[in-house]
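>>> Compute the structure for the input listed below.
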Amino acid sequence: MTARSAPARKEEGRPRGVTVLTGLYVLSALLTILSGLLAFGLLSLLGPLGTAVGAAVGVALVAIGVVQLVIAWGLWRGRRWARILAIILTVLGLVPDVIGSLTLNPLSLVGLLIGLLILWYLYQPQVRAFYG
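Model (predicted):
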């Protein structure tokens with residue numbers, strides 16, 4: 001086995017759900033970056049305080065979006081660290097969904113269901129093997 005053949009074999013063995021999950025991470029990242037840029041732009045219309053708050057929120061959202069893009073790249077390439085980070089971020093994302101679900105918020109219930117499905121999928125044997 002050569003180092004050159006390993007990536008090709010990794011792509012051939014990529015579970016279809018990993019492709020979908022990667023696409024969702026990219027979409028989420030792009031929306032988060034766009035939200036950061038909009039927060040900065042719109043809040044700057046409120047004067048100096050709005051500009052300061054917009055800059056802080058905007059930079060934070062853009063940074064989160066960039067991290068999501070890095071995770072998406074790692075998921076696509078079959079990197080173990082990306083799977084671990086995706087699990088951690090999914091678990092952290094479940095916290096507000098659990099709290100919202102206690103109030104029977106329909107969006108929180110949907111978010112909770114999606115988060116649990118992602119966790120279930122990331123622990124499937126073929127997915128774990130892909131991230132070996």
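>>> what about the longest helix in this structure?
Taking DSSP state H as the criterion, the chain has its longest helix at helix 48-77.
>>> Going along the chain from that helix, find the next helix or strand for me.
Next along the chain after helix 48-77, taking DSSP states H and E as the criterion, comes helix 80-102.
>>> any idea how this structure splits into domains?
Using automatic domain parsing, the domain ranges for the chain come out as 19-77, 80-132.
>>> Going by neighbour count, which residues of the longest helix of the chain are buried?
Residues of helix 48-77 classed as buried by neighbour count (16 or more other C-beta atoms under 10 Å): 51, 54, 57-58, 61-62, 64-65, 68-72, 74-76. For glycine as for every other residue, the C-beta is placed from the backbone atoms N, C-alpha and C.
>>> Between the residues you listed, which sits nearest residue 118?
Taking C-beta to C-beta as the measure, residue 118 sits nearest to residue 75 out of these, at 11.1 Å.
>>> tell me the contacts of that closest one?
18, 21, 22, 25, 82, 83, 86 (C-beta atoms under 8 Å, 6 or more residues apart in numbering).
>>> for those, which one is nearest residue 101?
Using C-beta to C-beta, residue 86 comes nearest to residue 101 of the contacts of residue 75, at 21.3 Å.
>>> Please tell me the pLDDT value assigned to the closest one.
Listed pLDDT for residue 86 reads 95.
>>> tally of neighbours for it?
Using other C-beta atoms under 10 Å, residue 86 has 22 other residues around it.
>>> so who does it touch?
Going by C-beta under 8 Å, 6+ apart, residue 86 touches 21, 25, 71, 75, 118, 122.
>>> Go again with 6 Å.
By C-beta atoms under 6 Å, 6 or more residues apart in numbering, the contact list for residue 86 reads residue 71.
>>> Could you measure from it over to residue 110?
Counting by C-beta to C-beta, to the nearest Å, the separation of residue 86 from residue 110 is 19 Å.
>>> same thing with residue 53?
Using C-beta to C-beta, residue 53 is found at 29 Å from residue 110.
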